[in-house]
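# only the shape, not the letters, is given here:
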């Protein structure tokens with residue numbers, strides 16, 4: 001084998017870092033296409049799913065606006081398929097933090113995603129993927145405990161402090177027969193982008 005041949009990817013070729021990265025990128029792009037056969041509990045929240053409290057005093061109960069105190073610290077919730085009862089708990093990227101706010105304080109652009117004041121944002125920080133579980137009660141902001149990124153819940157979870165590069169993804173909601181349901185896909189990318 002010549003030196004020129006050993007630098008080309010293929011059988012018996014030496015894989016360098018660039019080739020491995022390209023292969024990873026190609027595989028990463030192919031995953032969403034092949035993910036169609038994934039288990040239902042790993043699928044992202046779907047339109048029509050109901051929200052269920054993941055923790056707190058109402059763990060396991062269906063989310064209803066009256067079960068949330070106005071301007072309370074957000075609590076974790078997951079989507080559940082109402083037809084199969086499958087809880088979408090197979091990926092931490094499905095977890096959302098919910099609270100109820102005065103919808104008049106929500107930036108007009110994002111009001112369409114709220115349901116009777118209930119809002120839901122991805123629980124995964126866009127910086128390094130930590131869970132956004134802290135709450136600045138005085139400023140009414142969600143906060144990440146890892147690197148102190150802060151997110152304005154009244155303005156689409158816009159970053160207002162810390163190193164997070166983009167807002168948290170918002171999950172659009174609606175209320176049907178008193179139950180909070182998912183109106184559509186996350187608006188924005190869920191999770192973090194690895195930085196090199």
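Arrived safely, thanks for sending. Fair warning: this is a prediction, and the values are worked out from it, not measured in the lab.
# now residue 111, nearest residue through space, not along the chain?
Among residues not flanking residue 111 along the chain, residue 103 sits closest, at 5.9 Å (Cβ to Cβ, 6 or more residues apart in numbering). C-beta coordinates here come from the backbone N, C-alpha and C atoms, glycine included.
# and the helices in this structure, which stretches?
For the chain, the helices defined by DSSP state H cover 3-6, 17-34, 108-111.
# returning to what we had before: what pLDDT is listed against the residue nearest to residue 111?
As predicted, residue 103 sits at a pLDDT of 92.
# that one contacts residue 112, doesn't it?
No: using Cβ atoms under 8 Å, residue 103 makes no contact with residue 112, being 10.4 Å away.
# separation between the spatially most central residue of the chain and residue 70?
Nearest to the geometric centre of the chain sits residue 122, at 3.0 Å (Cα atoms, centre = their mean). Per Cβ to Cβ, to the nearest Å, residue 122 is found 22 Å from residue 70.
# cool, residue 139 as well?
Residue 139 is 16 Å from residue 70, by Cβ to Cβ.
# likewise for residue 92?
The value you get for residue 92 to residue 70, if Cβ to Cβ is used, is 28 Å.
# more neighbours: which of the two?
residue 92 (13 against 10; other Cβ atoms under 10 Å).
# how close does the residue lying closest to that one once chain neighbours are set aside sit to residue 98?
In this structure, residue 92 finds its nearest non-sequential neighbour in residue 124, 6.6 Å apart by Cβ to Cβ, 6+ apart. Residue 124 is 14 Å from residue 98, where distance means Cβ to Cβ.
# list the contacts of residue 59.
Residue 59 sits next to residue 53 when contact means Cβ atoms under 8 Å, 6 or more residues apart in numbering.
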